[in-house]
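Engineer: What follows is a predicted protein model with its sequence.
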Amino acid sequence: MVADAVQITALPLFVAGGASPADLIVDIVVASILVSLLGWHWAFLPTFAAELMPGLDLFPTWTAAVFFVTRQRPRPEIEILPPDPASVRRN
């Protein structure tokens, strides 16, 4: 969220998209931090590509990518064990 806020508030520095050195530096730093915190996910590739396009980087793409990645994490399944043979009564 901080990267998106910086890119929106300091718009003159980032308006050129990928042609702006400041934008490229921020995007590389953010991508490396997110990969180190969340691990590699394919959602980061289109996000990085979107950040390189002028005007499209006004949308909070990094925030959306983090939201998507954290909602896609596998949830632990409930393990259902068979009944204990000693507790099963035979007829």
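Structural biologist: Thanks, I have it.

Engineer: ok, so what distance separates residue 62 from residue 6?
Structural biologist: Residue 62 is 10 Å from residue 6, where distance means CB to CB, to the nearest Å. C-beta: built from backbone N, CA, C; applies to glycine.

Engineer: Lowest average confidence across helices and strands of the chain, where is it?
Structural biologist: None of the helices or strands of the chain scores lower by mean pLDDT, DSSP states H and E than helix 11-14, at a mean of 68.

Engineer: Check which element follows it along the chain.
Structural biologist: Downstream of helix 11-14, the next assigned helix or strand under DSSP states H and E is helix 21-38.

Engineer: Run through the neighbouring helices and strands of that following helix.
Structural biologist: Judged by 3 or more CB pairs under 8 Å, 6 or more residues apart in numbering; DSSP states H and E, the packing partners of helix 21-38 are helix 2-9, helix 11-14, helix 44-52, helix 61-71.

Engineer: export these to TSV and tack on distance to residue 35 and mean neighbour count?
Structural biologist: Output for these, formatted as TSV (distance: least, CB to CB, whole Å; neighbours: other CB atoms under 10 Å):
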stretch	distance to residue 35	mean neighbour count
helix 2-9	14	16
helix 11-14	21	14
helix 44-52	7	18
helix 61-71	10	17
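
Engineer: Lowest average pLDDT across those helices?
Structural biologist: With a mean of 68, helix 11-14 has the lowest mean pLDDT of those.

Engineer: so residue 41 touches residue 69, yeah?
Structural biologist: Yes - taking contacts as CB atoms under 8 Å, residue 41 lies within contact range of residue 69: 4.6 Å.
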